[in-house]
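In: A predicted structure for the sequence below; I have some questions about it.
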Amino acid sequence: MHVILILPPFDTSSSYGSGKRVQRGNIPALGVGYLAGVLEQRGHAVGLIDAGALGLDVPETVDRLAAEAPGVIGISCLTRVERSAYELVRAVKARLPQTPLVMGGPHVTAFAEQVLDECDQIDILVPGEGEYVFAELVDRLSEGKSYEDLHGLIYRDPSGEVQTTPVAELVKDLDTIPHPVREIYQQDLYIPLPNQCRRTPATTLITSRGCPWAKCRFCYQGGRYGPYYRRRSPENVVDEVARLVKDLGIRQISFWDDNFCVMPSWIDRFCRLLDEERLDFVWTVQGRVDTVRKEMLKRMAASGCYNIHFGFESGSERMLELINKGITLDQGRRAVKWAKKAGLEVRGSFIIGLPTETPQTAEDTIRFACELNVDWMFFLPYLVLRGTPLEKLALEDGHFTDGDIDMHRPAYVPSAFGSAENLAATISSAYRRYYLRPRYVARALWQARRFSVMKNYIDAAGMWLHLMRGIRTQTS
């Protein structure tokens with residue numbers, strides 16, 4: 001059967017306050033690649049329409065979809081594109097009413113029970129890890145068989161009642177899942193942000209599923225569909241890396257694990273296997289400040305890792321305890337010190353506007369960020385995710401704003417800030433104070449002696465100016 005997978009329309013530029021389309025910031029969504037791997041293994045033909053990366057709006061996406069005449073349509077939905085995805089569903093069903101339309105992805109995993117109420121034109125939901133559930137569903141649809149006994153589905157029966165089948169069993173051995181089918185992606189569409197990319201072509205890769213911490217009160221790990229932590233073998237990962245570099249010409253890989261820096265013995269073997277392959281590429285990771293180790297970071301750097309991202313979240317110990325991040329400010333200082341000593345670029349991010357946040361705790365965060373003085377820093381407004389432990393406190397403490405979900409525009413305002421304009425002004429101030437410091441400028445000039453770094457700084461400066469302009473529109 002011919003299956004078309006869709007990533008809904010999304011304008012990356014809106015997250016950076018830009019009036020023109022941003023060419024950087026799109027990365028391959030690996031979930032659809034994994035779906036394609038299992039589908040192709042079973043003999044189905046798979047195509048991808050990444051509407052956001054292609055710059056398509058809803059009508060253009062539907063036109064392209066209709067031209068493909070698929071037997072099944074699969075839409076992968078992130079919460080930030082929820083409205084766009086629902087609009088797309090309605091347009092698709094109006095154009096192709098007889099074609100089964102299935103939705104999955106993080107938004108469905110987190111909010112499965114609400115999605116069919118919010119968009120009743122979706123035929124079937126596949127929450128959680130859906131490779132084998134979706135493939136079996138496509139098998140049955142292609143053969144005209146019933147899927148009512150298939151575990152891992154939510155759907156409406158002929159009477160209109162919502163039916164939920166038992167949760168599908170997770171794959172314990174991730175090595176048994178085929179690698180993502182990279183051929184479905186149009187590689188030239190994907191260029192990471194300047195703070196994530198030193199060489200191109202670049203792509204993403206994931207070595208694990210689930211979060212080894214999974215206790216942050218602002219984060220939602222999928223409820224009843226949430227995965228426990230599993231990791232692929234170093235051999236399996238290096239096999240995929242080698243194919244990306246040798247066969248597809250990839251020169252940078254961003255490891256997209258929630259926390260790459262766990263299991264020191266795994267990392268040591270992974271790095272030794274990489275060294276044996278002598279591959280020409282560089283790589284970046286995400287880590288937690290409480291699980292990195294000095295020797296671990298040195299070992300990674302020696303094998304081509306040049307950049308690590310830490311989620312510091314707050315510069316206030318009280319706020320860190322509130323969100324149950326499980327880290328301390330001293331651990332943040334120590335991790336940055338180790339990473340810099342290993343020769344790694346450091347990216348960091350903070351959340352401003354958490355429930356019960358005050359201008360003083362926000363000030364503590366800005367000062368702590370400046371103290372760390374890392375290469376790249378983000379200050380993001382808190383986004384309330386339904387069903388998370390922190391949601392109840394957010395409802396009690398502050399208020400929500402109108403408008404679409406956005407990376408940098410406040411959608412929630414804690415009581416102490418009064419208005420979205422005040423919170424936006426604080427975020428804008430954080431960016432100005434961080435990036436316009438003489439200490440940071442001097443560091444950036446020294447780093448920019450390398451051409452690739454200089455180019456990234458130039459690109460980042462343009463995006464930063466657009467971001468500042470976008471944030472300022474909320475304060476005027």
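Out: Ah, there it is. This one's a predicted model, so the numbers in the text were calculated from it and none came from an experiment.
In: can you map out the strands along the stretch 351-476 of the chain?
Out: Listed in chain order, the strands of the stretch 351-476 of the chain (DSSP state E, counting those that start in this stretch) span 376-381, 399-400, 412-413.
In: would you turn the ones you listed into CSV with mean pLDDT and distance to Asn195?
Out: (Glycine included, C-beta is placed from N, CA and C.) Shown next, in CSV, are the strands of the stretch 351-476 of the chain (pLDDT from 0 to 100; distance: least, CB to CB, whole Å):
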stretch, mean pLDDT, distance to Asn195
strand 376-381, 95, 4
strand 399-400, 92, 29
strand 412-413, 95, 25
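In: and the ones you listed as a markdown table, adding distance to Ala91 and mean neighbour count?
Out: As requested, those are exported to a markdown table (distance: least, CB to CB, whole Å; neighbours: other CB atoms under 10 Å):
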| stretch | distance to Ala91 | mean neighbour count |
| --- | --- | --- |
| strand 376-381 | 30 | 21 |
| strand 399-400 | 27 | 13 |
| strand 412-413 | 30 | 22 |
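In: Which of these sits closest to Asp330?
Out: strand 376-381 (18.7 Å; CB to CB).
In: low pLDDT regions in the stretch 101-250 of the chain?
Out: 221-224 (pLDDT under 70).
In: Give the burial count for the residue lying closest to Asp50 once chain neighbours are set aside, as a bare number.
Out: Excluding the flanking residues, the one nearest Asp50 by CB to CB, 6 or more residues apart in numbering is Leu7, at 4.5 Å. For Leu7, the neighbour count with other CB atoms under 10 Å is 27.
In: Also the one 4 residues further on?
Out: As a burial measure, Asp11 scores 14 neighbours (other CB under 10 Å).
In: Make sure it is actually in contact with Gly52.
Out: Yes: Asp11 lies in contact with Gly52 (CB atoms under 8 Å); the separation is 7.3 Å.
In: so what's in contact with those two at the same time?
Out: Residues touching both Asp11 and Gly52 (CB atoms under 8 Å, 6 or more residues apart in numbering): there are none.
In: what's the domain layout of this structure?
Out: What automatic domain parsing lists as the domains of the chain is 2-164, 192-472.
In: what's the closest of these to Val181?
Out: domain 2-164 (3.9 Å).
In: Any idea how far apart the tips of that closest one sit?
Out: Start-to-end span of domain 2-164 (CA to CA, to the nearest Å) is 26 Å.
In: Figure out how far that domain is from the centre of its chain.
Out: Distance, stretch centre to chain centre, for domain 2-164: 17 Å (CA atoms, centre = their mean, to the nearest Å).
In: Which stretches in the stretch 101-250 of the chain count as helices?
Out: With DSSP state H, counting those that start in this stretch as the criterion, the stretch 101-250 of the chain has helices at 106-118, 131-143, 234-248.
In: For the ones you listed, give me a markdown table that also has mean neighbour count and distance to Leu39.
Out: Output for these, formatted as a markdown table (neighbours: other CB atoms under 10 Å; distance: least, CB to CB, whole Å):
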| stretch | mean neighbour count | distance to Leu39 |
| --- | --- | --- |
| helix 106-118 | 19 | 18 |
| helix 131-143 | 19 | 5 |
| helix 234-248 | 17 | 18 |
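In: who wins for proximity to Gly71 among those helices?
Out: When these are compared by CB to CB, helix 131-143 sits nearest Gly71, at 6.6 Å.
In: helices and strands around the closest one, which ones?
Out: helix 30-41, strand 72-76, strand 101-104, strand 124-126 (3 or more CB pairs under 8 Å, 6 or more residues apart in numbering; DSSP states H and E).
In: Switch the ones you listed over to a markdown table; also include mean neighbour count.
Out: A markdown table is the format used below for the helices and strands packed on helix 131-143 (neighbours: other CB atoms under 10 Å):
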| stretch | mean neighbour count |
| --- | --- |
| helix 30-41 | 21 |
| strand 72-76 | 25 |
| strand 101-104 | 25 |
| strand 124-126 | 25 |
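In: pLDDT below threshold where in the stretch 351-476 of the chain?
Out: Across the stretch 351-476 of the chain, residues meeting the criterion (pLDDT under 70) sit at 403-407, 451-452, 454-457, 459-476.
In: hmm, 50 instead?
Out: Within the stretch 351-476 of the chain, the stretches with pLDDT under 50 are 475.
In: can you give me the helices in it?
Out: Under the criterion DSSP H, counting those that start in this stretch, the stretch 351-476 of the chain contains helices at 359-372, 391-397, 420-435, 438-447, 451-472.
In: Of all the ones you listed, which one comes closest to Val384?
Out: When these are compared by CB to CB, helix 391-397 sits nearest Val384, at 4.7 Å.
In: Mind listing what's buried along the closest one?
Out: 391, 393-394, 397 (16 or more other CB atoms under 10 Å).
In: Report the contact partners of the residue nearest to Asp50.
Out: Counted by CB under 8 Å, 6+ apart, Leu7 has contacts 29, 32, 48-53, 76.
In: what's the pLDDT at it?
Out: We note a pLDDT of 97 for Leu7 in this prediction.
In: how close does it sit to Ile184?
Out: 11 Å (CB to CB, to the nearest Å).
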